[in-house]
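Novice: Take this sequence and fold it.
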Amino acid sequence: RNDLTALMPSSDRKDTREGHDFHEVLGGDFASLAPFIQARLWKKNMLFSQAQLRDFMALMRTHDLVVLAGDSGSGKTSLVRAVAESIGGRCTVIPVKPNWTGPEDLLGYYNPIERNYHATPFLLALQAAEREPEVPHFICLDEMNLARVEHYFADFLSLLEERETSPMIPLYTADEERHVVVENSLFLTLEEEARYRAGMADGVTFVDMLKNQQANTLLHQLGGFQDAESVLLHHARLRRSMAGLLRTPCSIRFPGNVRIIGAINIDETTHYLSPKVLDRAHVLRFRNPVLADWDAIEAEVQHFDVDVAVPLRLSASDLGLRGGYPAYDRADRRAALLTRLARNQLDSLGVEFGLRAIRQSLGYLQAARQVGMDDLTALDKVVQHKILPKMMFDAGRTDRSEEHTSELQSLTNL
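Specialist: Modelled structure (predicted):
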(Lines give C-alpha, C1' and ligand atoms only; values in the text may rest on other atoms or scores of the structure.)
Protein backbone atom coordinates (compact mmCIF):
# COMPACT_ATOMS: atom_id res chain seq x y z
CA ARG A 1 0.00 0.00 0.00
CA ASN A 2 2.85 2.40 0.81
CA ASP A 3 4.45 1.65 -2.56
CA LEU A 4 1.20 2.37 -4.39
CA THR A 5 0.85 5.61 -2.48
CA ALA A 6 4.34 6.64 -3.57
CA LEU A 7 3.48 5.79 -7.17
CA MET A 8 0.09 7.50 -7.13
CA PRO A 9 0.09 10.20 -4.42
CA SER A 10 -3.21 11.66 -3.35
CA SER A 11 -4.63 14.29 -5.69
CA ASP A 12 -5.97 16.16 -2.66
CA ARG A 13 -2.77 17.99 -1.84
CA LYS A 14 -3.27 20.61 0.86
CA ASP A 15 -0.55 23.07 1.76
CA THR A 16 0.01 22.37 5.43
CA ARG A 17 3.14 24.51 5.78
CA GLU A 18 3.17 27.09 8.53
CA GLY A 19 4.04 30.70 7.83
CA HIS A 20 2.82 34.03 6.49
CA ASP A 21 1.14 34.04 3.12
CA PHE A 22 3.51 35.68 0.62
CA HIS A 23 0.69 37.48 -1.17
CA GLU A 24 -0.97 38.74 1.99
CA VAL A 25 2.20 40.04 3.67
CA LEU A 26 4.20 41.32 0.68
CA GLY A 27 1.44 41.54 -1.91
CA GLY A 28 3.28 38.97 -4.02
CA ASP A 29 6.04 41.53 -4.65
CA PHE A 30 9.21 39.55 -5.28
CA ALA A 31 11.34 42.68 -4.96
CA SER A 32 10.36 42.88 -1.27
CA LEU A 33 11.44 39.33 -0.59
CA ALA A 34 15.17 40.01 -0.09
CA PRO A 35 14.58 42.67 2.63
CA PHE A 36 12.19 40.30 4.43
CA ILE A 37 14.69 37.43 4.33
CA GLN A 38 17.46 39.77 5.48
CA ALA A 39 15.39 40.91 8.47
CA ARG A 40 14.52 37.31 9.31
CA LEU A 41 18.13 36.16 9.15
CA TRP A 42 19.30 39.17 11.17
CA LYS A 43 16.99 38.00 13.96
CA LYS A 44 18.89 34.71 13.79
CA ASN A 45 22.27 36.50 14.01
CA MET A 46 23.01 35.84 10.33
CA LEU A 47 24.15 38.82 8.28
CA PHE A 48 23.74 38.83 4.51
CA SER A 49 23.52 42.00 2.48
CA GLN A 50 20.40 42.79 0.47
CA ALA A 51 22.52 42.82 -2.68
CA GLN A 52 23.69 39.27 -2.04
CA LEU A 53 20.17 38.07 -1.25
CA ARG A 54 18.70 39.75 -4.35
CA ASP A 55 21.41 38.15 -6.46
CA PHE A 56 20.72 34.71 -5.00
CA MET A 57 16.95 35.02 -5.45
CA ALA A 58 17.43 36.16 -9.06
CA LEU A 59 19.58 33.10 -9.68
CA MET A 60 16.87 30.88 -8.18
CA ARG A 61 14.40 32.25 -10.73
CA THR A 62 16.63 31.23 -13.66
CA HIS A 63 16.26 27.45 -13.01
CA ASP A 64 19.93 27.11 -13.98
CA LEU A 65 22.67 25.38 -12.04
CA VAL A 66 24.00 27.85 -9.47
CA VAL A 67 27.48 27.39 -7.98
CA LEU A 68 28.41 29.16 -4.76
CA ALA A 69 32.20 29.57 -4.59
CA GLY A 70 34.17 30.71 -1.59
CA ASP A 71 36.37 29.77 1.32
CA SER A 72 35.27 27.20 3.84
CA GLY A 73 33.03 28.83 6.44
CA SER A 74 31.99 31.75 4.22
CA GLY A 75 28.29 30.90 4.59
CA LYS A 76 27.52 29.15 1.29
CA THR A 77 25.53 26.20 2.61
CA SER A 78 24.08 28.29 5.43
CA LEU A 79 22.60 30.71 2.89
CA VAL A 80 20.91 27.90 0.95
CA ARG A 81 19.40 26.42 4.10
CA ALA A 82 18.33 29.81 5.47
CA VAL A 83 16.65 30.99 2.27
CA ALA A 84 14.82 27.68 1.80
CA GLU A 85 13.53 27.84 5.37
CA SER A 86 12.56 31.51 4.99
CA ILE A 87 10.25 30.79 2.03
CA GLY A 88 8.72 27.62 3.48
CA GLY A 89 10.77 25.36 1.23
CA ARG A 90 12.77 22.21 1.78
CA CYS A 91 16.54 21.97 1.67
CA THR A 92 18.55 18.79 1.18
CA VAL A 93 22.33 19.05 1.55
CA ILE A 94 24.25 16.21 -0.10
CA PRO A 95 28.00 15.92 0.57
CA VAL A 96 29.94 15.02 -2.57
CA LYS A 97 32.60 12.33 -2.11
CA PRO A 98 36.06 12.51 -3.72
CA ASN A 99 35.57 9.06 -5.29
CA TRP A 100 32.53 10.02 -7.37
CA THR A 101 33.38 9.15 -10.97
CA GLY A 102 30.10 8.67 -12.81
CA PRO A 103 26.37 9.44 -12.93
CA GLU A 104 25.58 6.37 -10.79
CA ASP A 105 27.22 8.14 -7.84
CA LEU A 106 24.67 10.93 -8.23
CA LEU A 107 21.54 9.00 -9.20
CA GLY A 108 22.18 5.42 -8.10
CA TYR A 109 22.20 2.19 -10.09
CA TYR A 110 20.07 -0.85 -10.90
CA ASN A 111 21.21 -4.22 -9.51
CA PRO A 112 20.03 -6.91 -11.98
CA ILE A 113 20.72 -9.73 -9.51
CA GLU A 114 18.60 -8.25 -6.73
CA ARG A 115 16.14 -6.79 -9.27
CA ASN A 116 16.25 -3.61 -7.26
CA TYR A 117 17.37 -0.01 -7.75
CA HIS A 118 19.86 1.40 -5.25
CA ALA A 119 18.76 5.00 -4.83
CA THR A 120 20.97 7.84 -3.63
CA PRO A 121 20.05 10.79 -1.39
CA PHE A 122 20.00 12.96 -4.53
CA LEU A 123 17.42 10.75 -6.23
CA LEU A 124 15.36 10.49 -3.04
CA ALA A 125 15.36 14.30 -2.83
CA LEU A 126 14.04 14.51 -6.41
CA GLN A 127 11.29 12.02 -5.59
CA ALA A 128 10.37 13.94 -2.43
CA ALA A 129 10.05 17.11 -4.50
CA GLU A 130 7.89 15.26 -7.01
CA ARG A 131 5.43 14.45 -4.23
CA GLU A 132 5.19 18.16 -3.27
CA PRO A 133 4.95 19.98 -6.60
CA GLU A 134 3.98 23.33 -5.07
CA VAL A 135 6.72 23.41 -2.43
CA PRO A 136 10.14 24.84 -3.43
CA HIS A 137 12.93 22.29 -3.00
CA PHE A 138 16.60 23.25 -2.88
CA ILE A 139 19.16 20.48 -3.40
CA CYS A 140 22.67 21.57 -2.41
CA LEU A 141 25.69 19.54 -3.53
CA ASP A 142 28.16 20.42 -0.81
CA GLU A 143 31.87 20.37 -1.68
CA MET A 144 30.74 19.85 -5.26
CA ASN A 145 34.24 19.92 -6.72
CA LEU A 146 35.88 17.39 -4.41
CA ALA A 147 35.30 15.11 -7.42
CA ARG A 148 35.38 16.19 -11.06
CA VAL A 149 31.97 17.68 -11.72
CA GLU A 150 32.09 16.85 -15.45
CA HIS A 151 32.47 13.14 -14.58
CA TYR A 152 29.43 12.64 -12.34
CA PHE A 153 27.22 15.60 -13.24
CA ALA A 154 27.77 16.29 -16.96
CA ASP A 155 24.95 14.04 -18.22
CA PHE A 156 22.53 15.56 -15.75
CA LEU A 157 23.70 19.05 -16.66
CA SER A 158 22.90 18.35 -20.32
CA LEU A 159 19.39 17.29 -19.33
CA LEU A 160 18.84 20.64 -17.62
CA GLU A 161 19.31 22.37 -20.98
CA GLU A 162 15.82 21.19 -21.93
CA ARG A 163 13.90 24.31 -21.04
CA GLU A 164 10.51 24.11 -22.73
CA THR A 165 9.50 20.96 -20.82
CA SER A 166 10.69 19.19 -17.71
CA PRO A 167 13.32 16.68 -18.91
CA MET A 168 13.08 12.95 -18.30
CA ILE A 169 15.89 11.41 -16.25
CA PRO A 170 16.64 7.80 -17.34
CA LEU A 171 17.61 5.53 -14.45
CA TYR A 172 17.75 2.08 -16.06
CA THR A 173 16.49 0.35 -19.19
CA ALA A 174 12.80 -0.23 -19.78
CA ASP A 175 13.61 -3.89 -20.54
CA GLU A 176 14.37 -4.51 -16.86
CA GLU A 177 11.04 -2.95 -15.97
CA ARG A 178 9.24 -5.19 -18.48
CA HIS A 179 10.97 -8.32 -17.13
CA VAL A 180 9.67 -7.59 -13.63
CA VAL A 181 6.12 -7.00 -14.89
CA VAL A 182 6.12 -10.16 -17.03
CA GLU A 183 7.46 -12.35 -14.20
CA ASN A 184 4.83 -11.06 -11.78
CA SER A 185 2.06 -11.46 -14.34
CA LEU A 186 3.12 -15.03 -15.05
CA PHE A 187 3.16 -15.99 -11.37
CA LEU A 188 -0.25 -14.37 -10.81
CA THR A 189 -1.61 -16.36 -13.73
CA LEU A 190 -0.30 -19.61 -12.24
CA GLU A 191 -1.69 -18.66 -8.85
CA GLU A 192 -5.11 -17.94 -10.34
CA GLU A 193 -5.14 -21.26 -12.19
CA ALA A 194 -4.20 -23.22 -9.05
CA ARG A 195 -6.89 -21.44 -7.06
CA TYR A 196 -9.49 -22.15 -9.76
CA ARG A 197 -8.65 -25.84 -9.99
CA ALA A 198 -8.74 -26.20 -6.20
CA GLY A 199 -12.18 -24.54 -6.09
CA MET A 200 -11.06 -21.70 -3.85
CA ALA A 201 -12.70 -18.26 -3.83
CA ASP A 202 -11.06 -15.29 -5.57
CA GLY A 203 -10.50 -13.39 -2.32
CA VAL A 204 -8.27 -15.96 -0.64
CA THR A 205 -4.72 -14.88 0.20
CA PHE A 206 -1.50 -16.47 -0.96
CA VAL A 207 -0.96 -17.85 2.58
CA ASP A 208 -4.41 -19.47 2.45
CA MET A 209 -3.41 -21.19 -0.79
CA LEU A 210 -0.24 -22.57 0.75
CA LYS A 211 -2.27 -23.94 3.68
CA ASN A 212 -4.66 -25.67 1.28
CA GLN A 213 -3.00 -28.97 0.32
CA GLN A 214 -4.67 -29.26 -3.11
CA ALA A 215 -3.97 -25.65 -4.12
CA ASN A 216 -0.41 -25.90 -2.78
CA THR A 217 0.26 -29.07 -4.78
CA LEU A 218 -1.23 -27.56 -7.96
CA LEU A 219 0.87 -24.41 -7.58
CA HIS A 220 4.02 -26.51 -7.25
CA GLN A 221 3.13 -28.58 -10.29
CA LEU A 222 2.23 -25.60 -12.50
CA GLY A 223 5.28 -23.58 -11.48
CA GLY A 224 7.78 -26.44 -11.38
CA PHE A 225 8.64 -25.79 -7.73
CA GLN A 226 10.30 -28.53 -5.68
CA ASP A 227 9.35 -27.54 -2.13
CA ALA A 228 7.37 -25.02 -0.10
CA GLU A 229 10.40 -22.88 0.64
CA SER A 230 11.13 -22.31 -3.05
CA VAL A 231 7.59 -20.99 -3.58
CA LEU A 232 7.94 -18.60 -0.67
CA LEU A 233 11.36 -17.40 -1.83
CA HIS A 234 10.11 -16.87 -5.36
CA HIS A 235 7.06 -14.99 -4.12
CA ALA A 236 9.17 -12.81 -1.81
CA ARG A 237 11.62 -12.02 -4.64
CA LEU A 238 8.76 -11.02 -6.93
CA ARG A 239 7.27 -8.79 -4.25
CA ARG A 240 10.60 -7.06 -3.64
CA SER A 241 11.18 -6.49 -7.34
CA MET A 242 7.67 -5.09 -7.85
CA ALA A 243 7.97 -2.87 -4.78
CA GLY A 244 11.29 -1.57 -6.11
CA LEU A 245 9.67 -0.90 -9.48
CA LEU A 246 6.87 1.06 -7.85
CA ARG A 247 9.31 3.10 -5.76
CA THR A 248 11.75 3.75 -8.61
CA PRO A 249 10.47 3.50 -12.19
CA CYS A 250 12.93 3.31 -15.09
CA SER A 251 12.79 7.09 -15.54
CA ILE A 252 11.47 10.11 -13.67
CA ARG A 253 10.64 13.63 -14.77
CA PHE A 254 12.78 16.40 -13.32
CA PRO A 255 10.48 18.29 -10.93
CA GLY A 256 9.92 21.94 -11.84
CA ASN A 257 10.00 22.95 -8.17
CA VAL A 258 13.65 21.89 -7.72
CA ARG A 259 16.66 24.20 -7.70
CA ILE A 260 20.13 22.66 -7.76
CA ILE A 261 22.93 24.56 -6.06
CA GLY A 262 26.54 23.53 -5.82
CA ALA A 263 28.89 24.78 -3.08
CA ILE A 264 32.59 24.69 -3.88
CA ASN A 265 35.88 25.60 -2.26
CA ILE A 266 38.75 26.64 -4.51
CA ASP A 267 42.01 25.31 -3.09
CA GLU A 268 44.65 22.67 -3.75
CA THR A 269 42.37 19.84 -2.55
CA THR A 270 39.65 20.46 -5.16
CA HIS A 271 39.15 20.41 -8.93
CA TYR A 272 38.32 23.61 -10.78
CA LEU A 273 35.14 23.61 -12.85
CA SER A 274 35.56 22.58 -16.49
CA PRO A 275 34.57 24.89 -19.39
CA LYS A 276 31.50 22.69 -20.03
CA VAL A 277 30.25 23.26 -16.49
CA LEU A 278 31.12 26.97 -16.42
CA ASP A 279 29.33 27.48 -19.73
CA ARG A 280 26.08 26.20 -18.22
CA ALA A 281 26.27 27.49 -14.66
CA HIS A 282 26.20 30.78 -12.77
CA VAL A 283 29.03 31.17 -10.26
CA LEU A 284 28.29 33.37 -7.25
CA ARG A 285 31.47 34.25 -5.38
CA PHE A 286 31.40 34.51 -1.57
CA ARG A 287 33.79 36.81 0.22
CA ASN A 288 35.22 36.15 3.64
CA PRO A 289 32.44 37.39 5.98
CA VAL A 290 35.08 38.91 8.28
CA LEU A 291 35.84 41.44 5.54
CA ALA A 292 32.23 42.61 5.25
CA ASP A 293 31.06 45.97 6.59
CA TRP A 294 28.72 44.62 9.23
CA ASP A 295 27.53 48.04 10.36
CA ALA A 296 26.49 48.92 6.80
CA ILE A 297 24.62 45.63 6.44
CA GLU A 298 22.81 46.11 9.75
CA ALA A 299 21.80 49.60 8.61
CA GLU A 300 19.97 48.01 5.64
CA VAL A 301 17.71 45.87 7.84
CA GLN A 302 14.09 46.98 7.49
CA HIS A 303 11.20 46.71 9.93
CA PHE A 304 8.12 44.65 9.05
CA ASP A 305 4.75 44.74 10.76
CA VAL A 306 4.65 40.96 10.95
CA ASP A 307 6.76 38.56 12.98
CA VAL A 308 9.79 37.90 10.74
CA ALA A 309 10.68 34.88 12.87
CA VAL A 310 7.79 33.15 11.06
CA PRO A 311 8.70 32.19 7.47
CA LEU A 312 6.85 33.24 4.38
CA ARG A 313 4.92 30.62 2.44
CA LEU A 314 5.89 30.74 -1.24
CA SER A 315 4.67 28.28 -3.85
CA ALA A 316 6.88 26.88 -6.58
CA SER A 317 5.06 29.09 -9.08
CA ASP A 318 5.78 32.15 -6.90
CA LEU A 319 9.48 31.33 -7.15
CA GLY A 320 9.21 31.21 -10.95
CA LEU A 321 8.12 28.66 -13.54
CA ARG A 322 10.55 26.80 -15.73
CA GLY A 323 10.63 28.09 -19.30
CA GLY A 324 12.82 28.70 -22.32
CA TYR A 325 15.63 31.23 -22.39
CA PRO A 326 14.85 34.61 -23.98
CA ALA A 327 15.31 34.57 -27.74
CA TYR A 328 18.49 36.08 -29.15
CA ASP A 329 17.46 39.39 -30.70
CA ARG A 330 20.31 41.42 -32.17
CA ALA A 331 18.18 44.57 -31.90
CA ASP A 332 17.90 44.16 -28.13
CA ARG A 333 20.39 46.53 -26.52
CA ARG A 334 21.38 44.06 -23.81
CA ALA A 335 21.94 41.25 -26.32
CA ALA A 336 23.92 43.66 -28.50
CA LEU A 337 26.08 44.68 -25.55
CA LEU A 338 26.85 41.06 -24.64
CA THR A 339 27.64 40.30 -28.28
CA ARG A 340 30.10 43.19 -28.50
CA LEU A 341 31.67 42.01 -25.26
CA ALA A 342 32.18 38.52 -26.71
CA ARG A 343 33.65 39.86 -29.96
CA ASN A 344 35.78 42.76 -28.77
CA GLN A 345 37.07 41.64 -25.38
CA LEU A 346 36.53 37.97 -24.63
CA ASP A 347 37.53 36.37 -27.92
CA SER A 348 41.02 37.89 -27.78
CA LEU A 349 41.39 36.55 -24.24
CA GLY A 350 40.46 33.06 -25.36
CA VAL A 351 37.20 33.13 -23.38
CA GLU A 352 34.26 31.55 -25.17
CA PHE A 353 30.97 33.35 -24.67
CA GLY A 354 28.47 31.94 -27.15
CA LEU A 355 24.75 32.10 -27.79
CA ARG A 356 23.92 29.78 -24.90
CA ALA A 357 25.79 32.00 -22.45
CA ILE A 358 24.20 35.14 -23.90
CA ARG A 359 20.68 33.74 -23.67
CA GLN A 360 21.36 32.48 -20.15
CA SER A 361 22.57 35.96 -19.23
CA LEU A 362 19.44 37.52 -20.72
CA GLY A 363 17.37 35.15 -18.57
CA TYR A 364 19.26 36.30 -15.50
CA LEU A 365 18.71 39.96 -16.43
CA GLN A 366 14.96 39.34 -16.60
CA ALA A 367 15.01 37.65 -13.20
CA ALA A 368 17.15 40.44 -11.73
CA ARG A 369 14.52 43.05 -12.62
CA GLN A 370 11.86 40.99 -10.84
CA VAL A 371 13.89 40.97 -7.60
CA GLY A 372 14.38 44.75 -7.67
CA MET A 373 17.87 44.97 -9.17
CA ASP A 374 18.70 47.81 -11.58
CA ASP A 375 20.03 47.01 -15.08
CA LEU A 376 23.57 48.25 -14.51
CA THR A 377 24.00 46.18 -11.36
CA ALA A 378 22.53 43.15 -13.11
CA LEU A 379 24.98 43.49 -16.02
CA ASP A 380 27.81 43.69 -13.54
CA LYS A 381 26.56 40.46 -11.97
CA VAL A 382 26.56 38.79 -15.40
CA VAL A 383 30.25 39.62 -15.73
CA GLN A 384 30.88 38.21 -12.25
CA HIS A 385 28.80 35.05 -12.74
CA LYS A 386 29.48 34.09 -16.33
CA ILE A 387 32.72 35.71 -17.47
CA LEU A 388 35.23 36.13 -14.66
CA PRO A 389 35.03 32.44 -13.59
CA LYS A 390 36.18 31.47 -17.10
CA MET A 391 39.33 33.56 -16.98
CA MET A 392 42.09 31.17 -16.03
CA PHE A 393 45.44 32.46 -17.33
CA ASP A 394 48.85 30.89 -17.04
CA ALA A 395 50.63 33.10 -14.52
CA GLY A 396 53.98 31.77 -15.70
CA ARG A 397 53.64 33.26 -19.15
CA THR A 398 54.73 36.87 -19.50
CA ASP A 399 54.53 37.28 -23.27
CA ARG A 400 50.83 38.23 -23.18
CA SER A 401 50.50 39.53 -19.63
CA GLU A 402 50.30 43.18 -20.73
CA GLU A 403 47.74 42.32 -23.38
CA HIS A 404 45.61 40.45 -20.86
CA THR A 405 45.83 43.36 -18.44
CA SER A 406 44.72 45.78 -21.14
CA GLU A 407 41.76 43.61 -22.15
CA LEU A 408 40.66 43.12 -18.55
CA GLN A 409 40.82 46.84 -17.88
CA SER A 410 38.63 47.45 -20.93
CA LEU A 411 35.85 45.43 -19.28
CA THR A 412 35.45 48.19 -16.73
CA ASN A 413 34.62 50.68 -19.48
CA LEU A 414 31.56 48.84 -20.83
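Novice: drop to CA atoms for contacts and neighbour counts, all remaining ones
Specialist: Will do.
Novice: Give the next helix or strand downstream of whichever strand or helix holds Leu190.
Specialist: Following DSSP states H and E, one finds Leu190 within helix 174-197. Following helix 174-197 in sequence order, the next helix or strand is helix 206-211 (DSSP H and E).
Novice: Could I get the average pLDDT for that next one?
Specialist: Taken as a whole, helix 206-211 carries a mean pLDDT of 84.
Novice: Show me the contact partners of the helix or strand just after that helix.
Specialist: Downstream of helix 206-211, the next assigned helix or strand under DSSP H and E is helix 213-223. For helix 213-223, the surrounding residues in contact (C-alpha atoms under 8 Å, 6 or more residues apart in numbering) are 187, 190-191, 194-195, 197-198, 209-210, 225-227, 231.
Novice: And for stretch 266-274?
Specialist: With C-alpha under 8 Å, 6+ apart as the criterion, stretch 266-274 contacts 69-71, 145-150.
Novice: quick revisit: what residues of the helix holding Leu190 count as buried?
Specialist: If you call a residue buried by 16 or more other C-alpha atoms under 10 Å, then helix 174-197 has these buried ones: 176-177, 180, 184, 187, 190-195.
Novice: Redo those as a markdown table? Include distance to Thr270.
Specialist: Below are the buried residues of helix 174-197 laid out as a markdown table (distance: C-alpha to C-alpha, whole Å):
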| residue | distance to Thr270 |
| --- | --- |
| Glu176 | 37 |
| Glu177 | 39 |
| Val180 | 42 |
| Asn184 | 47 |
| Phe187 | 52 |
| Leu190 | 57 |
| Glu191 | 57 |
| Glu192 | 59 |
| Glu193 | 62 |
| Ala194 | 62 |
| Arg195 | 63 |
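Novice: Isn't Phe122 up against Pro95?
Specialist: No. Phe122 is not in contact with Pro95 according to C-alpha atoms under 8 Å; the separation is 9.9 Å.
Novice: hang on, the earlier thing: min pLDDT across the contacts of stretch 266-274, which one?
Specialist: The weakest per-residue confidence within the contacts of stretch 266-274 falls on Asp71 (86).
Novice: tell me the pLDDT at the nearest residue to that one once chain neighbours are set aside?
Specialist: Excluding the flanking residues, the one nearest Asp71 by C-alpha to C-alpha, 6 or more residues apart in numbering is Asn265, at 5.5 Å. If you check Asn265, the pLDDT there is 89.
Novice: Same check on Ser401?
Specialist: pLDDT, Ser401: 50.
Novice: Next: the one 10 residues further on.
Specialist: The predicted local confidence for Leu411 comes out at a pLDDT of 60.
Novice: What of Ala34?
Specialist: Per-residue pLDDT puts Ala34 at 97.
Novice: what kind of secondary structure is it in?
Specialist: helix (DSSP: H, G, I helix; E, B strand; the rest coil).
Novice: could you list every residue that touches it?
Specialist: Each residue near Ala34 by C-alpha under 8 Å, 6+ apart is listed here: 50, 53-54, 57, 371.
Novice: one step back: you'd agree the residue nearest to Asp71 is up against Ser74?
Specialist: No. The criterion here is C-alpha under 8 Å, and Asn265 misses it with Ser74 at 9.7 Å.
Novice: Looking at those two, which one has more neighbours?
Specialist: Asn265 (23 against 17; other C-alpha atoms under 10 Å).
Novice: any idea how far that one is from Arg81?
Specialist: Between Asn265 and Arg81 the distance is 18 Å, computed by C-alpha to C-alpha, to the nearest Å.
Novice: what ranges do the strands span in the stretch 1-150 of the chain?
Specialist: Taking DSSP state E, counting those that start in this stretch as the criterion, the stretch 1-150 of the chain contains strands spanning 20-21, 65-69, 90-95, 109-111, 116-118, 137-142.
Novice: Sorry, slip of the keys, the one I care about is the stretch 251-400 of the chain.
Specialist: Under DSSP E, counting those that start in this stretch, the stretch 251-400 of the chain gives strands at 251-253, 258-264, 281-285, 312-313.
Novice: Glu104 is nearest to which of the ones you listed?
Specialist: For Glu104, the closest of the strands of the stretch 251-400 of the chain is strand 251-253, at 13.7 Å, according to C-alpha to C-alpha.
Novice: Check which residues of that closest one are buried.
Specialist: Using 16+ other C-alpha under 10 Å as the test for burial, strand 251-253 gives Ile252.
Novice: Equivalent analysis for stretch 277-288, please.
Specialist: Residues of stretch 277-288 classed as buried: 277-286 (neighbour count, 16+ other C-alpha under 10 Å).
Novice: one step back: among the contacts of helix 213-223, find the lowest-pLDDT one for me.
Specialist: pLDDT across the contacts of helix 213-223 is lowest for Asp227, at 73.
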